[in-house]
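A.B. asks: sharing a sequence plus its predicted fold:
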Amino acid sequence: MDEDKVRKKQAGLLVMKFGGTSVGSSGAITQAARIVQDEYANWQDVVVVVSAMSGVTDTLIACAKSAVAGNQETYIDLVHTVQEKHQAVVDELMIELELKLKLQEELATLFEALRSLCQGIHIMGELTPRGMDAVVSLGERMNARVVSALLQQNGFASRAVEATSLIITDDTFQHAHPIMEFSRSKTRAALQPLLGDHIIPVVTGFIAANREGITTTLGRGGSDYTAALLGDFLDAREVWTWTDVDGVMTADPRTVPEARVIPELTYNEVSEMAYFGAKVLHPQTIRPVVEREIPLWVKNTFNPIFPGTRIDGSSETERGRITAVTAIRGLSLITVEGRGMLGVPGIAARTFAAVARHEASVLMISQSSSEQSICFVIPSDMEAAVLQAVEDEMALELTRRDIDRVWAQPDVVIVTAIGAGMRQTPGVSAHLFGALGKENINVIAIAQGSSEFSISVVVAAADADQAVRQIHKEVICNELSE
């Protein structure tokens, strides 16, 4: 029997990442462990990446913010909430006594670290990005130990591994950037001996460390990125990310109930989807797997027999077809306009230099062909600062009336249609705008990337849901039914 299993194993390594909802309760962790065990029988090597339990990272952020605000009673209660949640899960998993005691001891050390960090923030009255990273890293550090303990309980050799010993980054706390070759060397040195001894590593997602060993994080949703990086560093054959939906969908099902799972996507399509608001994958996830041409799967922890979505460089998408529609909310449209701008060099460069000084993210740019206006979209919380910065930069031009005004339109949404080869396919834009016209939805601005994979429109927030539903109904569903 064992020989048959060995013969069925696929050569190579599989990296599997489980998101917060996939490891957010005793039942979910039990299901995740079952998936790991089943795939361990099918693959030569398996590496597991886990997020914090669902809701824990938000609670940890609240702990830190309460501490810096001086709300000692609140942060103490929140720490207790995190501790109770983990203790309840450990009790429900029915781990045998010796293993459970060891796990509880390790968790107690982490809970004490959380209390100490919050106390320090409270006393100092200061919460730095470095301090926040130290606090929020604890969710993954706790959960990796719980998942690993359950695998051990079920008879599988496993070890919790903190990614601080694997992924080395720069000093950009809360959104750190990996130092790739150094991280590759550290990851191979730490994990390959474990794999050689048939031990399943359960790695903390989301977190890393700088060269001095100080904890950093890769940004919210960074567990996806961790899995992709490990896939790159370890020459994985595939990377699977497990979530609570059946795959990447044609639209957000909360907005479009009839949204469908997309069986296959190209790397370029999913990159556009991640950038333009789809929540299934972290925007940076795709980079390591693209460079190494590693297939990426999105699967449902709670429906593991469903095949999910395969993402790679060879997926066949019909040229010109719109694959999905996404939305980014909470935005403002900034417009710089004036008849005197025509032929005046450097206006755009100076505008965006002023924006860059405030480190505001520009999500979309549109310019009239007459050069009499430039508009761009930024997060709404940056609106006032960016308006002031551009007005200050263009003070002379505003005085001379070369520029008539700089103004903002708040509460807008970028709605993006994504699909392979749209730019060179006649009629795609007409189809999309026709769908919006049927519902009298006003398009405020338009942009199309030279990548050929997306068309974006800006609409009022009040029209956004209807715009997404209408594009999905009139364009995507009609194409799928053809």
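C.D. replies: Sure, I can see it.

A.B. asks: domain map for this protein?
C.D. replies: 12-244, 324-481 (automatic domain parsing).

A.B. asks: give me the mean pLDDT for stretch 257-274.
C.D. replies: Throughout stretch 257-274, pLDDT has a mean value of 87.

A.B. asks: list the buried residues of that stretch.
C.D. replies: 259-262, 264-274 (16 or more other CB atoms under 10 Å). No exception for glycine: its C-beta is placed from N, CA and C like everyone else's.

A.B. asks: cool, stretch 337-354 as well?
C.D. replies: 338, 341, 347-348, 351-352, 354.

A.B. asks: how about stretch 110-123?
C.D. replies: Buried, per 16+ other CB under 10 Å, within stretch 110-123: 110-111, 114-115, 117-118, 121-122.

A.B. asks: same thing with stretch 372-386?
C.D. replies: Result for stretch 372-386 [16+ other CB under 10 Å]: buried residues 372-380, 382-383, 386.

A.B. asks: go on, stretch 67-87?
C.D. replies: When burial is assessed from 16+ other CB under 10 Å, stretch 67-87 yields the following buried residues: 67-68, 71, 75-76, 78-79, 82-83, 85-86.

A.B. asks: name the residues that touch it?
C.D. replies: 53, 55-56, 59-60, 62-64, 66, 104, 107, 111, 114-115, 118-119, 121-122, 125-127, 139, 142-143, 146 (CB atoms under 8 Å, 6 or more residues apart in numbering).

A.B. asks: what is the rounded mean pLDDT of it?
C.D. replies: Stretch 67-87 comes out at a mean pLDDT of 96.

A.B. asks: just give me how far it sits from the chain centre.
C.D. replies: Remark: stretch 67-87 is offset 26 Å from the chain centroid, using CA atoms, centre = their mean, to the nearest Å.

A.B. asks: if we can go back for a sec, buried ones among the contacts of stretch 67-87?
C.D. replies: By neighbour count, with 16+ other CB under 10 Å, the contacts of stretch 67-87 hold 53, 56, 59-60, 62-64, 66, 104, 107, 111, 114-115, 118, 121-122, 127, 139, 142-143, 146 as buried.

A.B. asks: restricted to helices, list the residues you listed.
C.D. replies: Of these, the ones assigned to helices by DSSP state H are 56, 59-60, 62-64, 66, 104, 107, 111, 114-115, 118, 121-122, 139, 142-143, 146.

A.B. asks: lowest average confidence, helix or strand, in the protein?
C.D. replies: helix 2-8 (a mean of 48; mean pLDDT, DSSP states H and E).

A.B. asks: immediately after that helix, which helix or strand?
C.D. replies: strand 10-18 (DSSP states H and E).

A.B. asks: buried residues in whichever helix or strand comes after that next one?
C.D. replies: Sequence order places helix 26-40 as the next helix or strand after strand 10-18, per DSSP H and E. When burial is assessed from 16+ other CB under 10 Å, helix 26-40 yields the following buried residues: 26, 28-33, 35-37, 39-40.
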